[in-house]
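J.: Return a 3D structure for these sequence lines:
(chains A and B)
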Amino acid sequence: MPGKRRFYEVLYGWLFVSPAVVVLGIFVMASIVFAVYVSFHKVNLFTGYYEFIGFDNYIRIFTDTKTKTAFMNTITFVAVVVPIQTILALIMAAVLDAKIKGKLAFRAIYFLPTLTSSAALTMIFMFLFSFTGPVNQLALNMNLLQEPINFLNDPSFALKVIMAMNIWSTVPFFMTIYLAALQDVPDTVYEAAEVDGANQVQKFLYITVPQLKPVTTFVLLMGIIGTFQLFDQAYIFSNGTGGPENSTLTVALLVFRNAFGQNNTMGFAAAMAIILSIVIFIVSYIAQKLNKSESLY
Amino acid sequence: MKNKKVFKWFLYIVLIGYAALTFFPFLWANSASFKSYSEITGGGLNIFPESPTIAAYEKLFTIDEHFVRWIVNSLVICIVGTTLNVFLNSMAGYSLARLHFRGKNLVFYAILVSIMVPAQVLLIPNYLIVKSLGLLNTYSAVILPVAVNATFIFMMRQFYINFPRDVEEAAAIDGLGRLGIFFRISMPLAKPAIATQSVFVFLGFWNEFLKPKLYLADPAKYTLTVGIQTMMSRYSGITQWDEVMAASVISLIPILIIYVVLNKYFLQGIRMDGEK
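T.: Numbering: from 1, shown residues only, chains lettered A, B, ... in the order given. The predicted structure follows:
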């Protein structure tokens, strides 16, 4: 009897986990190996011909000018968006955690951008920043501008619009993570600080921020991983071109274009995706070390 | 004491300011969808249209060839994808938490790796695999590679590790087999965790852009997100803001309904504990 029971336990164990094993086995595990394989080859998608070319695809990453532009755009994007979204999320969470009225209503409104699809989000922002759109009108009415700016077609503004959009849509998500963590900070710590005569700003800087450090690590990692892979918003904004003048060309967008465009550059795209992942891992590691605390995982 | 009052006012100004910053884009988008095209391009910051019209919505639902199809496509993909995820993730999580079999640790490590791999790396091999399976331009291409989700398998495993054993043992004594115990006891009792994952998986499918863009070539098969994106380039550079905004507003409605009805599960999902 115990033998039979044991047999059924193993049987059901595998039975229950097997769909996940099959899907993740094919579309993640085997795919990682496949991606590495493709990155060492020149691939002709139409004839299905793979030619081994060693490290050529990787070497090309460091010589290709478009790739350089894409990496510069992406790094600029990460460097601007991640700190702003983290600090803003932390501040808004602390404000929401204070004893205020209408907390739930504020929280419900704040969360809306996180729910919006990248497609609808990008459309709404493109409308806001269009030539006759509300942002231009508002700036004209307040005499901040003499004439409307062509945000969408001006290379010096396009990426900034996407940055604003990304910050706007990710802050509420991270704010909610911070807010959840703030519930675990004991009130007595704040009360003790109050007795010692600490003001609100001091309490925020010397209690809230250090207490939330592990969460900040998590938020930074999520932010870095997300922003480095920016695709949807850049694609929709530029209709897939990365324009105007390559100003919204991100690494993920360039990977997509090289992989599924007209040229035989799928291997090159695979190499670029792998390098991007390595960059993400390194930057995440550094960010975690800089924040000097144990991560949540 | 006076300082404190001033500070409180300052907090409210920050809160209301940020709420306005969050809300006005939606408000303007919504009002643009009820304005005429000429009123939109004429500028003007009025929230209430001078002459409100539902022409944009009418065009989408009656004249537009595909718009209704896109909504249906998105719904079908969301419902099938979410159902598959809920069952398969829960089963896998349960198996990893509760059952003992050789190779379990290996499977668990594979799931941890899956959580960490950037999606960018998987894009090209996934496309080649989908293509060789003959699934290009089918809904299966959008659903199958993400029919399970490593993050939520992990979450369900955490849930079932803390799940009381005695309920299951009682059911076993009553003569229920493993399958019966899981589908009639363990899964129904995991309702909160399952609701949390459903909400996020549904949201993920509904908002997904890259995969349908890559796999679905036929405009009649587009999802709503891809459809909205193609509306942008349809009129050779002149964007029909009224229609695009109306379509964006419509794409928000299902999510808003879910958000209002299942609000508490959103917050739990973000905490990722899956409890209570």
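
J.: Grab the most central residue of chain A for me.
T.: A:Gly226 (1.7 Å; CA atoms, centre = their mean).

J.: ok, it to B:Ile250 distance?
T.: 26 Å (CB to CB, to the nearest Å). To be clear about C-beta, it is placed using only N, CA and C from the backbone, and glycine gets the same treatment.

J.: ok, now how distant is B:Val260 from chain A?
T.: The spacing between B:Val260 and chain A, counted by CB to the nearest CB, to the nearest Å, is 9 Å.

J.: Kindly report the same for B:Gly103.
T.: 8 Å.

J.: Around that residue, how many other residues sit close by?
T.: 12 (other CB atoms under 10 Å in any protein chain shown).

J.: low-confidence ranges in the stretch 1-150 of chain B?
T.: B:1 (pLDDT under 70).

J.: Break chain B down into its domains, please.
T.: B:2-53, B:59-271 (automatic domain parsing).

J.: out of those domains, deepest packed?
T.: domain B:59-271 (a mean of 18; mean count of other CB atoms under 10 Å in any protein chain shown).

J.: who's in contact with the residue nearest to B:Ser90 when sequence neighbours are not counted?
T.: Once flanking residues are discounted, B:Ser90 sits nearest to B:Met156: 5.1 Å by CB to CB, 6 or more residues apart in numbering or on different chains. B:Met156 makes contacts with B:89-90, B:92-94, B:97, B:190, B:193, B:197, B:274, as judged by CB atoms under 8 Å, 6 or more residues apart in numbering or on different chains.

J.: So B:Pro212 versus A:Lys68, what's the distance?
T.: 31 Å.

J.: Same question for A:Gly25.
T.: 36 Å.

J.: near chain A at all, stretch B:123-135?
T.: Yes - using CB under 8 Å from any CB of the partner chain, stretch B:123-135 reaches chain A at B:123-129.

J.: List just the nearest of those to chain A.
T.: B:Pro125 (3.7 Å; CB to the nearest CB).

J.: how far out from the middle of the chain is the one helix or strand that closest one maps to?
T.: Using DSSP states H and E, B:Pro125 falls within helix B:119-132. Computed by CA atoms, centre = their mean, to the nearest Å, the separation of helix B:119-132 from the middle of its chain amounts to 21 Å.

J.: again, but for stretch B:53-72
T.: 23 Å.

J.: And it, end to end?
T.: 25 Å (CA to CA, to the nearest Å).

J.: what's it in contact with?
T.: B:33-36, B:219-220, B:222-224, B:226-227, B:240, B:242-243, B:245-247, B:250.

J.: just those that are near chain A?
T.: Counting by CB under 8 Å from any CB, the members of the contacts of stretch B:53-72 near chain A are B:224, B:226, B:245, B:247.

J.: Do I have it right that the third one meets A:Ile124?
T.: Yes - because the distance of 7.3 Å satisfies CB atoms under 8 Å, B:Met245 is recorded as touching A:Ile124.

J.: Please, where are all the helices along the stretch 101-250 of chain A?
T.: A:103-115, A:118-128, A:134-141, A:155-182, A:187-195, A:200-203, A:209-211, A:213-228, A:232-238 (DSSP state H, counting those that start in this stretch).
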